[in-house]
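Asks: need coordinates for the below:
(chains A, B, C and D)
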2 protein chains.
Amino acid sequence: MQRTNFGEMACSIARTLDVIGEPWSPLILRDVWVGVSRFDQLQADLGISRKVLTERLNHLVDQGVLERRPYDKRPRYEYRLTEKGAELVDLLMVMVGWGDKWLAGEAGPPVLYRHHACGEISGVDLRCAHCGEPMHAGDVDLLPGPGAAV
Amino acid sequence: MQRTNFGEMACSIARTLDVIGEPWSPLILRDVWVGVSRFDQLQADLGISRKVLTERLNHLVDQGVLERRPYDKRPRYEYRLTEKGAELVDLLMVMVGWGDKWLAGEAGPPVLYRHHACGEISGVDLRCAHCGEPMHAGDVDLLPGPGAAV
DNA sequence: CAGGTGGAGTTCCGTAAGGGAACTCCAATC
DNA sequence: GATTGGAGTTCCCTTACGGAACTCCACCTG
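Replies: Numbering: from 1, shown residues only, chains lettered A, B, ... in the order given. Model (predicted):
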């Protein structure tokens, strides 16, 4: 498919897609997040082909999102989220929020989130890191930044 | 590639990926968000093949994320975000936040966001919709919801 | 009014990526 | 010495992407 290389674009969305934009990658992160962390477990849980799973795991490890660590004296490995990877879970939680709202239908959300701080079933909300007010699509102006393309 | 159908899975992440998980789709949404909204503009800006752009636009329209509307008496069309689509921009903003932090490097972020409410250059922050405290990967417990698979 | 223009796709071919099943490798255990 | 089980590899087949050329059609333009 000689797929276009998003990593070279001067766009943080494209660069992020270069790390986790390939098919299955976000689902692999989800599984590792919730504790499905070994090759055969991932393969069985996702129904992904073993070949593609190998490629994705290698790429995620190369990108520093997952780490591969032995869990036995035998050559057995599991995958863990790095700090870089754990922060991608924010992205997953926002996806969940959108999917729950727009796609869950009658049945309601498949998974609920209980927030440690307040103990309530809740979801994420996007706020301005500076003033704490809501921050959504229409609430910002875009300006060229220091890393903008010429 | 007979790609696996994510839409059938009992997971809001997989379902969301079914809508915007294909290659290019998030970048198309980004472009439409910032005002690049016509076929040839999108094709030129992204460098995407026209065939794939057609497929992606049709899918996004089918999913109710974009709408295709004429802008001339001639058969000329542009694509706009629906409300459903505009809420996906939250996802893009979180991607930008992660990419800016982990991938922008020396040059710094390509784009800056000025928040209307406070006028400051800022970014998004994830908060609990219930109590307003930060909500990240380690701050939640997962529980089965009403739409959980049997 | 014949010919040109420009937007919006379609069509076609070559290549690369995903699916899936079978196969390999290797340390422990029976 | 044979078996098991985790962790990948290899191979073939099919589908999807990239890219360029082609079509269609409502207007301009002379």
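Asks: and the pLDDT for residue A:110?
Replies: Note on residue A:110: pLDDT of 94.
Asks: that one is in contact with residue A:103, isn't it?
Replies: No: checked against CB atoms under 8 Å, the pair residue A:110 and residue A:103 is beyond contact range at 10.3 Å. All C-beta atoms are positioned from the backbone trio N, CA, C, and that covers glycine.
Asks: what does chain A have sitting close to DNA strand C?
Replies: A:1-3, A:22-24, A:47-52, A:55, A:73-75 (CB under 7 Å from any atom of the strand).
Asks: farthest pair within the residues you listed?
Replies: A:2 and A:73 (42.4 Å; CB to CB).
Asks: returning to what we had before: among the residues of chain A next to DNA strand C, which ones are buried?
Replies: Those of the residues of chain A next to DNA strand C that meet the buried threshold are A:22, A:23, A:24, A:48, A:52, by 16 or more other CB atoms under 10 Å in any protein chain shown.
Asks: tell me the contacts of the first one?
Replies: Residue A:22 makes contact with A:56, A:59, B:23 under the criterion CB atoms under 8 Å, 6 or more residues apart in numbering or on different chains.
Asks: please identify which helix or strand holds residue A:68.
Replies: strand A:66-70 (DSSP states H and E).
Asks: what comes up buried for that strand?
Replies: Buried-residue list, strand A:66-70, by 16+ other CB under 10 Å: residue A:66.
Asks: tell me who's in contact with the nearest residue to residue A:121 once chain neighbours are set aside.
Replies: Once flanking residues are discounted, residue A:121 sits nearest to residue A:112: 5.0 Å by CB to CB, 6 or more residues apart in numbering or on different chains. Shown in contact with residue A:112 (CB under 8 Å, 6+ apart): A:121, B:142, B:143, B:144, B:145.
Asks: go again using 10 Å as the cut-off
Replies: A:96, A:100, A:121-123, B:140-148 (CB atoms under 10 Å, 6 or more residues apart in numbering or on different chains).
Asks: got it, and residue A:31?
Replies: A:24, A:37, A:38, A:41, A:42, A:45, A:46, A:48, A:79, B:11.
Asks: pLDDT wise, what is it at?
Replies: In this prediction, residue A:31 carries a pLDDT score of 97.
Asks: in whichever strand or helix holds the residue nearest to residue A:121, what's buried?
Replies: For residue A:112, the enclosing helix or strand under DSSP H and E is strand A:111-115. The neighbour-count check on strand A:111-115 (16+ other CB under 10 Å) flags A:111, A:112, A:113, A:115 as buried.
Asks: and those near DNA strand D, which?
Replies: Checking the buried residues of strand A:111-115 against DNA strand D (CB under 7 Å from any atom of the strand), there are no matches.
Asks: can you tell me which of these lies nearest to DNA strand C?
Replies: The nearest member of the buried residues of strand A:111-115 to DNA strand C, counting by CB to the nearest atom of the strand, is residue A:111 at 22.8 Å.
Asks: which residues of chain A fall in helices?
Replies: Listed in chain order, the helices found in chain A under DSSP state H are A:12-20, A:25-34, A:39-46, A:50-62, A:83-102.
Asks: which one of the contacts of residue A:22 is nearest DNA strand C?
Replies: residue A:56 (7.8 Å).
Asks: what distance do you get for that closest one to residue A:25?
Replies: 5 Å (CB to CB, to the nearest Å).
Asks: mutual contacts of those two, please.
Replies: Shared contacts of residue A:56 and residue A:25, counting by CB under 10 Å, 6+ apart, come down to residue A:66.
Asks: how about low-confidence regions in chain A?
Replies: Low-confidence regions of chain A, defined by pLDDT under 70, span residues A:1-2, A:150.
Asks: hmm, back to that, buried members of the contacts of residue A:112 into PyMOL, please.
Replies: In PyMOL, this line selects whichever of the contacts of residue A:112 come out buried by 16+ other CB under 10 Å:
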select buried, (chain A and resi 96+100+122+123) or (chain B and resi 140+145+147)
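Asks: okay if I get the contacts of residue A:112 as a markdown table plus distance to DNA strand D?
Replies: Shown next, in a markdown table, are the contacts of residue A:112 (distance: CB to the nearest atom of the strand, whole Å):
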| residue | distance to DNA strand D |
| --- | --- |
| A:96 | 24 |
| A:100 | 26 |
| A:121 | 33 |
| A:122 | 34 |
| A:123 | 30 |
| B:140 | 26 |
| B:141 | 26 |
| B:142 | 22 |
| B:143 | 27 |
| B:144 | 25 |
| B:145 | 29 |
| B:146 | 32 |
| B:147 | 27 |
| B:148 | 25 |
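Asks: tell me the one of the contacts of residue A:112 nearest residue A:68?
Replies: For the contacts of residue A:112, the nearest to residue A:68 is residue B:142 (24.0 Å; CB to CB).
Asks: that closest one is in contact with residue A:115, isn't it?
Replies: No: Residue B:142 is beyond contact range of residue A:115, at 11.4 Å (criterion: CB atoms under 10 Å).
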